[in-house]
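Undergrad: What shape does this take:
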Amino acid sequence: MRQDIRLIISIVISAVLLGLVVVYCINSWMPTEPLAWIIWGVMAICGVTAVYRIANLAKALGMLKNDKE
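TA: Residues are numbered from 1 along each chain as shown. Now for the predicted structure:
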């Protein structure tokens, strides 16, 4: 039970991070300065990492649920 809660909280935190990244990338679309492009790219990479983390955590949560049955 405690492991399930930890995984769910991690998924929620990753989803919030993904939401913040998406909002930032949409609001600062097509930056004009090179540094702004670098920041935009780093944020996009953070978004991809958040999606990957959510997928792995959801898979781990599914495995825990199947083990208990």
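Undergrad: where does this structure have low pLDDT?
TA: Scanning the chain for pLDDT under 70 picks out 67-69.
Undergrad: what residue lies at the spatial centre of it?
TA: Centrality entry for the chain: nearest residue to the mean C-alpha point is A50, 2.1 Å, by C-alpha atoms, centre = their mean.
Undergrad: Relative to the whole chain's centre, how far out is the helix or strand hosting that one?
TA: Take DSSP states H and E as the rule and A50 turns out to sit in helix 34-68. Offset of helix 34-68 from its chain centre (C-alpha atoms, centre = their mean, to the nearest Å): 4 Å.
Undergrad: For that helix, name the packing helices and strands.
TA: helix 2-27 (3 or more C-beta pairs under 8 Å, 6 or more residues apart in numbering; DSSP states H and E). (C-beta placed from N, C-alpha, C; glycine too.)
Undergrad: And the helix it packs on, how far out from the chain middle?
TA: With C-alpha atoms, centre = their mean, you get 5 Å for helix 2-27.
Undergrad: Enumerate every residue touching I8.
TA: L61 (C-beta atoms under 8 Å, 6 or more residues apart in numbering).
Undergrad: oh sorry, the question was meant for I54
TA: 11, 14-15, 18.
Undergrad: and if we set it to 6 Å?
TA: 11, 14 (C-beta atoms under 6 Å, 6 or more residues apart in numbering).
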